[in-house]
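Asks: Give me the fold of what follows.
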Amino acid sequence: MMKHLGTVRLETQRLILRKAKISDAEDMFKNWASDSRVTKFLIWEPYTNTEDVRGYISFLLENYKNDNYYYWFIELKETQEPVGAISVVQMSEDIESALIGYCLGYNWWHQGIMTEAFTAVIKFLFEEVGINRIESTHDPNNPNSGKVMKKCGLRYEGTLRQSGKNNCGICDSVYYAMLKEDYLKDKKYK
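Replies: Model prediction:
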């Protein structure tokens, strides 16, 4: 049985995962939301102005009222600046499963930041919320996203041909997942 807690603040060695604030609009726009390199394999187009970003953050603030809504901004402790986001993009209550999506500003790629954030979310969802399955997908043309999933302990489950669509068009979807039983055996989470 899952126990929903909503988007609670999570902390790692270098990061704070927290709710978005309207005052984050400028940082979100400049750090990741306006960059086509970041959105290339996502389903939303790059933002062209901060006013639209504010509108999106207002949408998040409204959804934070729901205890089954999980959407974190990834803030660097060092700069106190958000550089990306990670969220549960789909939840299946009946099978206690969560699909995770994430994006990170280009200037912070290849520094282990997303692996650190995703690891914290995995721990929270398994230990606090009571999720049984965590999954994530990526376009095969974006292998670095899959590397994050592997580093976090998710296992490759298969590739669904032409089953998704992103800013590049119709694409294959590479699936990775972790079950709670896998999590409990993984030494990195002990």
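Asks: can you list contacts of the helix or strand hosting residue 57?
Replies: According to DSSP states H and E, residue 57 maps onto helix 50-63. Outside helix 50-63, the residues that touch it by C-beta atoms under 8 Å, 6 or more residues apart in numbering are 19-22, 24-26, 28-29, 33, 47, 69, 71. Where C-beta positions appear, they are placed from N, C-alpha and C, glycine not excepted.
Asks: avg pLDDT for the helix or strand following it?
Replies: Where DSSP H and E defines the elements, the next helix or strand beyond helix 50-63 is strand 71-76. For strand 71-76, the mean per-residue pLDDT is 98.
Asks: Show the subsequent helix or strand relative to strand 71-76.
Replies: Sequence order places strand 81-92 as the next helix or strand after strand 71-76, per DSSP H and E.
Asks: tell me what that following strand is packed against?
Replies: Contact analysis of strand 81-92 by 3 or more C-beta pairs under 8 Å, 6 or more residues apart in numbering; DSSP states H and E lists helix 25-28, strand 71-76, strand 97-104, helix 113-124 as its packing neighbours.
Asks: Pick the most buried one from the ones you listed.
Replies: Highest mean neighbour count among the helices and strands packed on strand 81-92 (mean count of other C-beta atoms under 10 Å): strand 71-76, with a mean of 23.
Asks: and it, which strands flank it?
Replies: Within its sheet, strand 71-76 is paired with strand 15-18 (antiparallel), strand 81-92 (antiparallel), according to DSSP bridges.
Asks: No further queries at this time; thank you.
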